[in-house]
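[1] just to be clear, the model below is a prediction. Sequence and coordinates:
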Amino acid sequence: MSHDDTTAGNYFVANYPPFSCWNREDAVHARHRLDEPAADATELGLYVHIPFCRKRCDFCYFRVYTDKDSRAIRRYVDAVIAELAQYADREVVRGRRPTFVYFGGGTPSYLSVDQLKHLFDGLQRSLPWDDAREITFECEPGTLQEPKVHALREMGVTRLSIGVENFDPHILEINNRAHRAKEIDRAYGFARDAGFPQVNIDLIAGMVGETDENWRVCIERTIELAPESVTIYQMEIPYNTTVYRRMKDGGENVAPVADWPTKRRWVAEAFEAFERAGYHVGSAYTVAKGDQTKFRYRDGLWHGADLLGIGVASFSHVGGVHFQNEHDFQPYIDRVESGELPIHRALRIDDDERLIREFVLQLKLGSIDARYFQDKFGVDIRERFGAQLEQHAADGFLRIDGDHVRLSRDGLLQVDRLLHAFFRDEHRVARYA
Ligand code: SF4
């Protein structure tokens, strides 16, 4: 085994401080924070978690259910609506309007048109989002029929994100992906006809069975479709995946996917091909066409916006307190139905942790403006993180350019690995569980 091999564990830094240090005791702080006013001019976003999928992909580490019937789904949708109604009454939310909304999962497009209308209407009764500049909706190609796609556009979705992951039928099948390759073009055609301002395609570099040749085809096919943006993740194998369970059963330490240098090379090749096709690299995981193609959910989150996450296992960040909902279906439903907020664990953070959080998240954009941190936190990040920046610069991962910290392409391609150096000591070894 070499340190380049893909072994089990989390690579992707989704948040800071790590989830493993969030705790039940701090849940009380989260509830109290809801009764205090919001900080001036802080944006509010809404995340809605739809935890249903047709099949569980072998690499999936999300909380998803493949066995729920329409009654259970209806009950869940009603619980999500009721949960948001509870927030709408609290001081920190009252009178505010979300500027971005994100439906993630799971597979939000698993819901029928009737269920979707019920959900959208119910949520907006307590928190209208007519001021939102972006409403993202994640979908799986095999769940998209033409009427559903048009209904989503009519309901106001502005950014349709299609989980393609790979174009090869065999690779989709051996990774237990639900959709078939031929469903991709069909779904994409519906999305274009419906007139979404932004269509995003998700790809994964390093699925089981991936090859140099097939990855090139995936990039070419995506460029031919010409979506406004593309998201590319490097395959990681967290402990709660089917791939890991198989590794464990077979006594294997190395995952049956490409090693990290190969995955980085595949993303580098993709970035270069997209740049030649007129896209720009917007972060470690995204390329986008034109200056008008924004991703407000990401940018809001990485610049300290308040985010209300509703639904089972959802994550929120409000007024300096992180919190997460009950992560199992029935306890989530039971608590909401009994009129309680279903908060399971939380973490209150101080200004320094907030600064670190925004710094590490914004570093994923590839460039950081020191003036932003000076204005917001009164801290010069070039001094605060002097030693770490110097080390990463010496390793060729970044350079200081006046007020900016700029990652090299090599640094950007492995940014999640570099972020731990900026964490507080006690969080450096924490697992992202
Ligand atoms: S579609 Fe996404 S959320 Fe659903 S099982 Fe596959 S990876 Fe997990």
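    Sure thing, it's come through. Residues are numbered from 1 along each chain as shown.
[2] and the next helix or strand past the helix with the most length in the chain?
    Counting by DSSP state H, the longest helix found in the chain is helix 70-88. Sequence order places strand 100-105 as the next helix or strand after helix 70-88, per DSSP states H and E.
[3] helices along the stretch 301-433 of the chain, start to end?
    329-337, 351-363, 370-377, 381-384, 386-394, 409-413, 415-419 (DSSP state H, counting those that start in this stretch).
[4] and the contacts of the fifth one?
    When you say that, I think you mean helix 386-394. Applying CB atoms under 8 Å, 6 or more residues apart in numbering, the contact partners of helix 386-394 are 382, 398-400, 405, 411, 418, 421-422. From N, CA and C alone the C-beta is placed, and that goes for glycine too.
[5] mark which of those are buried, thanks.
    Buried subset of these (neighbour count, 16 or more other CB atoms under 10 Å): 382, 398, 400, 405, 411, 418, 422.
[6] which of these sits closest to the ligand?
    Set against the ligand, the nearest of those by CB to the nearest ligand atom is residue 418 (25.7 Å).
[7] residues touching the closest one, list them.
    Residue 418 sits in contact with 363, 392, 397, 411, where contact means CB under 8 Å, 6+ apart.
[8] what parts of the protein come near the ligand?
    With CB under 6 Å from any ligand atom as the criterion, the chain meets the ligand at residues 53, 56-57, 60, 62, 64, 105-107, 140, 163.
[9] look up the closest residue to the residue in the stretch 151-300 of the chain that the ligand sits nearest to, ignoring the ones flanking it.
    Closest to the ligand within the stretch 151-300 of the chain is residue 163: 5.9 Å, counting by CB to the nearest ligand atom. Once flanking residues are discounted, residue 163 sits nearest to residue 202: 4.8 Å by CB to CB, 6 or more residues apart in numbering.
[10] one more: residue 302?
    residue 361 (4.0 Å).
[11] compute the number of surrounding residues for the one you found.
    Using other CB atoms under 10 Å, residue 361 has 21 neighbouring residues.
[12] which pLDDT value goes with it?
    Residue 361 is assigned a pLDDT of 98 by the prediction.
[13] tell me the contacts of residue 280?
    Residue 280 sits in contact with 287-289, where contact means CB under 8 Å, 6+ apart.
[14] go again using 7 Å as the cut-off
    Shown in contact with residue 280 (CB atoms under 7 Å, 6 or more residues apart in numbering): 287-288.
[15] ok, back up a step: I figured the residue of the stretch 151-300 of the chain closest to the ligand was touching residue 201, is that so?
    No - if you go by CB atoms under 7 Å, residue 163 and residue 201 don't touch, sitting 8.4 Å apart.
[16] nearest residue to residue 6 other than its sequence neighbours?
    Using CB to CB, 6+ apart, the closest residue to residue 6 is residue 255 (4.4 Å).
[17] hmm, the one you found is touching residue 245, no?
    No - contact criterion CB under 7 Å: residue 255 and residue 245 do not qualify, at 11.5 Å.
[18] so these two - more neighbours on which side?
    Taking neighbours as other CB under 10 Å, residue 255 and residue 245 compare with residue 255 leading, 23 against 13.
[19] contact partners for the closest residue to residue 179 other than its chain neighbours?
    When the adjacent residues along the chain are set aside, residue 179 lies closest to residue 142, with 3.6 Å between them (CB to CB, 6+ apart). The neighbourhood of residue 142, defined by CB under 7 Å, 6+ apart, consists of 54, 178-180, 183.
[20] and residue 385, by the same measure?
    Residue 385 neighbours (CB under 7 Å, 6+ apart): residue 422.
[21] how about 8 Å then?
    359, 422.
[22] ok, back up a step: can you redo the helices of the stretch 301-433 of the chain as CSV with distance to residue 299?
    Conversion of these to CSV gives the following (distance: least, CB to CB, whole Å):
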stretch, distance to residue 299
helix 329-337, 29
helix 351-363, 9
helix 370-377, 12
helix 381-384, 18
helix 386-394, 23
helix 409-413, 17
helix 415-419, 16
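[23] what's the closest of those to residue 320?
    helix 351-363 (6.2 Å; CB to CB).
[24] what does the closest one contact?
    Contacts for helix 351-363 (CB under 8 Å, 6+ apart): 13, 15-17, 301-304, 320, 349, 368, 372-373, 376-377, 379, 381, 384-385, 405, 407, 415, 418-419, 422-424.
[25] residues of that helix that come out buried?
    Applying 16+ other CB under 10 Å to helix 351-363 flags 353-363 as buried.
[26] what does stretch 134-147 give?
    For stretch 134-147, using 16+ other CB under 10 Å, the buried residues are 134-144.
[27] again, but for stretch 89-104
    Buried residues in stretch 89-104 (16+ other CB under 10 Å): 90, 92-93, 96, 98-104.
[28] with stretch 177-187 instead?
    Buried, per 16+ other CB under 10 Å, within stretch 177-187: 177-179, 181, 183-184, 187.
[29] rewinding a little: using TSV, please lay out the contacts of residue 418 together with distance to residue 127.
    Shown next, in TSV, are the contacts of residue 418 (distance: CB to CB, whole Å):
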residue	distance to residue 127
363	31
392	41
397	41
411	39
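[30] which one of the residues you listed sits closest to the ligand?
    Nearest member of the contacts of residue 418 to the ligand, counting by CB to the nearest ligand atom, is residue 363, at 25.7 Å.
[31] residues contacting the closest residue to residue 104 other than its chain neighbours?
    Sequence neighbours aside, residue 138 is the residue nearest to residue 104 in space, at 5.2 Å (criterion: CB to CB, 6+ apart). Going by CB under 8 Å, 6+ apart, residue 138 touches 103-105, 107-109, 161, 163.
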